[in-house]
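J.: coords below, sequence missing:
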């Protein structure tokens with residue numbers, strides 16, 4: 001895992017240097033370098049995250065907790081990560097309005113994912129109070 005951190009740091013630093021050099025001559029290609037670095041890093045994260053998710057899945061099966069709640073939390077985390085990266089790339093390109101729209105979409109998606117949990121919470125509170 002520590003070796004992966006060094007690899008990620010090296011990828012980030014190389015991408016930043018290359019993007020800065022390209023920004024002087026061709027700003028459009030600088031965006032593609034940033035995008036490629038993000039895709040590489042997300043791929044590395046996905047490989048590591050799959051191991052963690054497998055372990056969590058085993059723990060959840062043993063504890064007999066409803067997986068709906070955990071699944072919603074992981075979906076929300078994934079949406080947060082993708083929305084943040086998308087918004088940052090848009091802002092780096094000078095498109096703050098598109099970045100704001102991406103963030104709004106992310107917030108709305110998380111709200112939709114949370115609706116079953118909110119509904120369950122409200123029904124539990126109703127049963128407790130009545």
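T.: Right, received. Where do you want to start? Note that the structure is predicted; figures quoted are calculated from it, not measured.
J.: And the average pLDDT for the longest helix seen in the chain is what?
T.: If you go by DSSP state H, the chain has its longest helix at helix 27-63. The pLDDT scores in helix 27-63 average 83.
J.: those strands in this structure, which residues are they?
T.: With DSSP state E, there are no strands along the chain.
J.: residue closest to the middle of it?
T.: Residue closest to the mean C-alpha point of the chain, counted by C-alpha atoms, centre = their mean, is residue 81 at 1.8 Å.
J.: what's the distance between residue 25 and residue 93?
T.: 16 Å (C-beta to C-beta, to the nearest Å). Glycine gets a C-beta too; all of them are placed from N, C-alpha and C.
J.: So for those two, which sits in the more crowded spot?
T.: Using other C-beta atoms under 10 Å, the more surrounded residue of residue 25 and residue 93 is residue 93, with 16 against 8.
J.: Now the more buried one, what are its backbone angles?
T.: Note on residue 93: its backbone torsions stand at phi -90, psi 0 [degrees, to the nearest 10].
J.: Just confirm it contacts residue 35, I think it does.
T.: No. Look at residue 93 against residue 35 with C-beta atoms under 8 Å: they stay out of range, at 9.8 Å.
J.: tell me the domain ranges of the protein?
T.: Annotated domains of the chain cover 1-52, 66-130 [automatic domain parsing].
J.: Going by mean pLDDT, which of the ones you listed comes out lowest?
T.: For the domains of the chain, mean pLDDT drops lowest on domain 1-52, to a mean of 83.
J.: quick check, distance from it to the centre of its chain.
T.: How far domain 1-52 lies from its chain's middle: 15 Å, per C-alpha atoms, centre = their mean, to the nearest Å.
J.: Repeat that for stretch 98-118.
T.: Distance, centroid of stretch 98-118 to centroid of chain: 13 Å (C-alpha atoms, centre = their mean).
J.: Check stretch 49-66 too.
T.: 19 Å.
J.: what do you get for stretch 58-74?
T.: 19 Å.
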